[in-house]
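[1] A predicted structure for the sequence below; I have some questions about it.
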Amino acid sequence: MDKCLVIIPTYNEKENVEKMVRTVFKLNTPFHLLIIEDNSPDGTADIVKKLQPEFPDKLFMVERKGKLGLGTAYIAGFKWAIEKGYDFVCEMDCDFSHNPNDLERLYQAGKDGADVAIGSRYVSGINVINWPLGRVLMSYFASKYVRIVTGMKIHDTTAGFKCYKKNVLETIDLNKIKMKGYGFQVEMKFTAHKFGFNLVEVPIVFTDRQEGTSKMSGGIFSEALWGVLKMKMNSWFRKYERKG
């Protein structure tokens, strides 16, 4: 049986975290769950701690000292997953914008040969619910822009709902991943692409959060815009060779 981990970063997610934990553990696939908690002032960590005795050896949490960025949260989670020997590692948001039921489809895509399975909003049209039109267009064309700059063939280059095979995370030097916001999602995909891994898009429907507040900001898009150009130029001077 494969060991499968779902990593969920949290900051002020008290409205969502218990429901998310229970939903993931009701799935047919026996996922384990790692919460990366950034010292939420709303008591998110306390909710997770109360749930842990109910789900021993399945629900884990890493508490950090503050809000240190999405990318660093996932890097911490990836390193934890490698150390614990997980075969597949998924990442997703806590706010139900990513449907937990789709975790099983991403995992199945990995079993079927995807090194990185991507929950894609744009591979079969534009499948986004409850976003203002301006934000939909910004996201859609940001993905187009990244696709042009990087040469990746995937449609949803900024997607944050993914499942990695462990060898992808073991191959990428996680300490060299520099972007901390949503640009991190692009950098991870691009690095996997440059190493020659198989990136496969799985169509999903993305539904904006119903509870809690969004963490999106203009600085996040700025980082992605300029960071992608810098990332591409840096790749010209780097060798991507898999070991073994």
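    It's in.
[2] Can you list the low-confidence ranges for the chain?
    Counting by pLDDT under 70, the ranges of the chain that qualify are 209-224, 244.
[3] Sketch out the helices for it, chain order is fine.
    Listed in chain order, the helices of the chain (DSSP state H) span 17-25, 44-51, 70-84, 103-111, 133-150, 166-171, 183-194, 218-235.
[4] Could you double-check that residue 77 sits in contact with residue 60?
    No - with contact taken as CB atoms under 8 Å, residue 77 and residue 60 are classed as non-touching, separated by 9.7 Å. The C-beta positions use only the backbone N, C-alpha and C, and glycine is treated the same way.
[5] More neighbours: the two, which one.
    residue 77 (23 against 18; other CB atoms under 10 Å).
[6] what's residue 117 in contact with, if anything?
    Contacts for residue 117 were tallied using CB atoms under 8 Å, 6 or more residues apart in numbering; they are 105, 106, 107, 109, 110, 162, 163, 200, 202.
[7] could those residues be laid out in CSV, adding distance to residue 190 and neighbour count?
    CSV is the format used below for the contacts of residue 117 (distance: CB to CB, whole Å; neighbours: other CB atoms under 10 Å):
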residue, distance to residue 190, neighbour count
105, 23, 16
106, 19, 27
107, 23, 23
109, 19, 20
110, 19, 27
162, 13, 27
163, 17, 31
200, 16, 19
202, 19, 23
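[8] Between the residues you listed, which sits nearest residue 89?
    Out of the contacts of residue 117, the one with the shortest distance to residue 89 is residue 163. That distance is 7.2 Å, counting by CB to CB.
[9] distance of the nearest residue to the closest one once chain neighbours are set aside from residue 11?
    What sits nearest to residue 163 in space, not counting adjacent residues and going by CB to CB, 6 or more residues apart in numbering, is residue 106, at 3.8 Å. Separation of residue 106 from residue 11 (CB to CB, to the nearest Å): 23 Å.
[10] of the helices of the chain, which approaches residue 208 most closely?
    When those are compared for distance to residue 208 using CB to CB, the nearest one is helix 133-150, at 8.6 Å.
[11] And the closest one, what does it pack against?
    When contacts are defined as 3 or more CB pairs under 8 Å, 6 or more residues apart in numbering; DSSP states H and E, helix 133-150 packs onto helix 183-194, helix 218-235.
[12] contact partners of the first one?
    What it means is helix 183-194. Taking contacts as CB under 8 Å, 6+ apart, the residues outside helix 183-194 that touch it are 69-71, 74, 115-116, 118, 146, 150, 152, 154, 157-160, 162, 164, 168, 172, 177-179, 199, 220, 223-224, 227-228, 231-232, 235, 238, 240.
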